[in-house]
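Colleague: Just a sequence and a predicted model for now, questions to come.
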Amino acid sequence: MKKIVIVSILCVAALSFLAGCKSSKKVVKEMPVAVVEDHASFPYAFKAGEFYTFDFSNPSVIGFNEKAAIQKLIDSGIAVTDIWYKSGASGCRPPGSDLVMTVMVDPALLLRLSKSDDQLLKLGYIRTIEPGLGDCAYTVRHYKF
(Lines give C-alpha, C1' and ligand atoms only; values in the text may rest on other atoms or scores of the structure.)
Protein backbone atom coordinates (compact mmCIF):
# COMPACT_ATOMS: atom_id res chain seq x y z
CA MET A 1 0.00 0.00 0.00
CA LYS A 2 2.83 2.36 0.91
CA LYS A 3 4.52 1.63 -2.45
CA ILE A 4 1.31 2.44 -4.35
CA VAL A 5 1.04 5.85 -2.66
CA ILE A 6 4.69 6.67 -3.38
CA VAL A 7 4.38 5.58 -7.03
CA SER A 8 1.17 7.63 -7.39
CA ILE A 9 2.86 10.74 -5.96
CA LEU A 10 5.85 10.27 -8.28
CA CYS A 11 3.54 9.86 -11.32
CA VAL A 12 1.61 13.02 -10.45
CA ALA A 13 4.87 14.94 -9.95
CA ALA A 14 6.27 13.69 -13.28
CA LEU A 15 3.08 14.62 -15.15
CA SER A 16 3.05 18.08 -13.57
CA PHE A 17 6.65 18.60 -14.59
CA LEU A 18 6.04 17.47 -18.17
CA ALA A 19 2.94 19.64 -18.50
CA GLY A 20 4.97 22.68 -17.48
CA CYS A 21 7.68 22.01 -20.09
CA LYS A 22 6.72 23.83 -23.24
CA SER A 23 8.12 26.58 -25.42
CA SER A 24 7.85 30.10 -24.04
CA LYS A 25 7.62 31.52 -27.62
CA LYS A 26 4.03 31.48 -28.79
CA VAL A 27 3.35 30.76 -32.43
CA VAL A 28 0.76 33.11 -33.90
CA LYS A 29 -2.11 31.40 -35.70
CA GLU A 30 -3.71 34.42 -37.36
CA MET A 31 -2.57 37.32 -39.52
CA PRO A 32 -1.47 40.37 -37.48
CA VAL A 33 -2.43 43.87 -38.54
CA ALA A 34 0.24 45.72 -40.50
CA VAL A 35 1.62 49.08 -39.41
CA VAL A 36 3.00 51.35 -42.16
CA GLU A 37 6.53 52.60 -41.46
CA ASP A 38 9.00 54.87 -43.25
CA HIS A 39 12.47 53.29 -43.40
CA ALA A 40 14.09 55.73 -45.83
CA SER A 41 13.71 59.20 -44.26
CA PHE A 42 15.75 58.21 -41.19
CA PRO A 43 18.01 55.30 -40.24
CA TYR A 44 15.90 52.36 -39.12
CA ALA A 45 17.31 50.23 -36.30
CA PHE A 46 16.34 46.56 -36.50
CA LYS A 47 16.29 44.72 -33.17
CA ALA A 48 18.68 41.79 -32.76
CA GLY A 49 17.61 38.44 -34.15
CA GLU A 50 18.00 36.03 -37.04
CA PHE A 51 16.98 37.56 -40.37
CA TYR A 52 15.73 35.97 -43.56
CA THR A 53 14.70 37.61 -46.82
CA PHE A 54 12.47 36.18 -49.52
CA ASP A 55 14.32 35.34 -52.75
CA PHE A 56 12.41 37.32 -55.39
CA SER A 57 15.16 36.53 -57.94
CA ASN A 58 14.05 32.87 -58.03
CA PRO A 59 12.53 32.26 -61.51
CA SER A 60 9.68 30.23 -59.96
CA VAL A 61 8.33 33.34 -58.16
CA ILE A 62 5.43 34.56 -60.30
CA GLY A 63 2.52 36.58 -58.97
CA PHE A 64 3.85 37.01 -55.41
CA ASN A 65 1.08 37.51 -52.84
CA GLU A 66 2.18 39.10 -49.56
CA LYS A 67 -0.78 37.82 -47.49
CA ALA A 68 -0.48 34.29 -48.90
CA ALA A 69 3.26 34.21 -48.09
CA ILE A 70 2.61 35.33 -44.50
CA GLN A 71 -0.25 32.84 -44.12
CA LYS A 72 2.08 30.06 -45.34
CA LEU A 73 4.56 31.00 -42.59
CA ILE A 74 1.78 30.96 -39.99
CA ASP A 75 0.48 27.59 -41.23
CA SER A 76 4.03 26.17 -41.10
CA GLY A 77 4.26 27.02 -37.39
CA ILE A 78 7.45 29.03 -37.80
CA ALA A 79 7.95 31.37 -34.81
CA VAL A 80 8.36 34.66 -36.68
CA THR A 81 8.81 37.78 -34.55
CA ASP A 82 8.48 40.50 -37.22
CA ILE A 83 7.83 40.75 -40.96
CA TRP A 84 8.55 43.83 -43.06
CA TYR A 85 7.23 44.05 -46.63
CA LYS A 86 7.97 46.65 -49.29
CA SER A 87 6.22 46.13 -52.61
CA GLY A 88 7.96 46.58 -55.91
CA ALA A 89 7.15 49.57 -58.09
CA SER A 90 8.28 51.52 -61.13
CA GLY A 91 8.43 54.80 -59.25
CA CYS A 92 9.44 56.22 -55.90
CA ARG A 93 7.75 59.23 -54.24
CA PRO A 94 9.46 60.56 -51.12
CA PRO A 95 7.19 61.81 -48.32
CA GLY A 96 6.13 65.43 -48.72
CA SER A 97 7.07 65.48 -52.40
CA ASP A 98 4.81 65.81 -55.42
CA LEU A 99 7.47 64.37 -57.70
CA VAL A 100 7.82 60.69 -58.42
CA MET A 101 11.25 59.44 -59.41
CA THR A 102 11.11 56.90 -62.22
CA VAL A 103 13.16 53.98 -60.91
CA MET A 104 12.67 50.26 -60.57
CA VAL A 105 11.98 49.53 -56.91
CA ASP A 106 12.62 45.90 -56.04
CA PRO A 107 10.21 44.22 -53.62
CA ALA A 108 11.52 43.09 -50.23
CA LEU A 109 10.12 40.71 -47.61
CA LEU A 110 12.23 40.55 -44.45
CA LEU A 111 11.62 38.21 -41.49
CA ARG A 112 13.04 38.41 -37.97
CA LEU A 113 13.14 35.35 -35.73
CA SER A 114 14.59 34.88 -32.28
CA LYS A 115 16.53 31.80 -33.50
CA SER A 116 17.35 30.38 -36.92
CA ASP A 117 14.98 27.98 -38.67
CA ASP A 118 16.22 25.95 -41.66
CA GLN A 119 12.62 25.27 -42.68
CA LEU A 120 12.60 28.79 -44.19
CA LEU A 121 15.27 27.80 -46.72
CA LYS A 122 12.83 25.25 -48.19
CA LEU A 123 10.15 27.96 -48.46
CA GLY A 124 12.27 30.25 -50.66
CA TYR A 125 13.96 32.43 -48.03
CA ILE A 126 17.65 33.27 -47.72
CA ARG A 127 19.41 33.98 -44.43
CA THR A 128 20.83 37.50 -44.30
CA ILE A 129 23.38 39.02 -41.94
CA GLU A 130 22.59 42.68 -42.61
CA PRO A 131 18.84 43.33 -42.63
CA GLY A 132 17.52 46.01 -44.93
CA LEU A 133 14.77 46.80 -47.41
CA GLY A 134 16.74 48.50 -50.16
CA ASP A 135 16.19 51.90 -51.70
CA CYS A 136 12.91 53.78 -51.65
CA ALA A 137 11.65 52.16 -48.45
CA TYR A 138 9.23 54.98 -47.67
CA THR A 139 6.22 52.70 -47.37
CA VAL A 140 6.97 49.49 -45.51
CA ARG A 141 4.29 47.30 -43.93
CA HIS A 142 5.46 45.93 -40.58
CA TYR A 143 3.70 42.87 -39.17
CA LYS A 144 4.45 42.39 -35.45
CA PHE A 145 3.86 38.91 -34.05
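Modeller: Right, received. Where do you want to start?
Colleague: Show me which helix or strand of the protein is least confident by mean pLDDT.
Modeller: When the helices and strands of the chain are scored by mean pLDDT, DSSP states H and E, helix 2-20 comes last with a mean of 42.
Colleague: Going by neighbour count, which residues in the next helix or strand after that one are buried?
Modeller: Per DSSP states H and E, the first helix or strand lying C-terminal to helix 2-20 is strand 34-37. Under the neighbour-count criterion of 16 or more other CB atoms under 10 Å, strand 34-37 has Ala34, Glu37 buried. In this view, the C-beta of every residue, glycine as well, is placed from N, C-alpha and C.
Colleague: helix or strand right after strand 34-37?
Modeller: Next element after strand 34-37 (DSSP H and E): strand 50-54.
Colleague: ok, and what's touching that following strand?
Modeller: Residues outside strand 50-54 that contact it (CB atoms under 8 Å, 6 or more residues apart in numbering): 64, 69, 108-117, 120, 124-129, 131.
Colleague: try stretch 62-81
Modeller: 23, 25-31, 49, 54, 56, 83, 85, 87, 107, 109, 111-115, 117, 119-120, 123, 141, 143-145.
Colleague: What remains of those if I keep only buried residues?
Modeller: The buried subset of the contacts of stretch 62-81 - by 16+ other CB under 10 Å - is 28, 49, 54, 83, 85, 107, 109, 111-113, 117, 120, 141, 143, 145.
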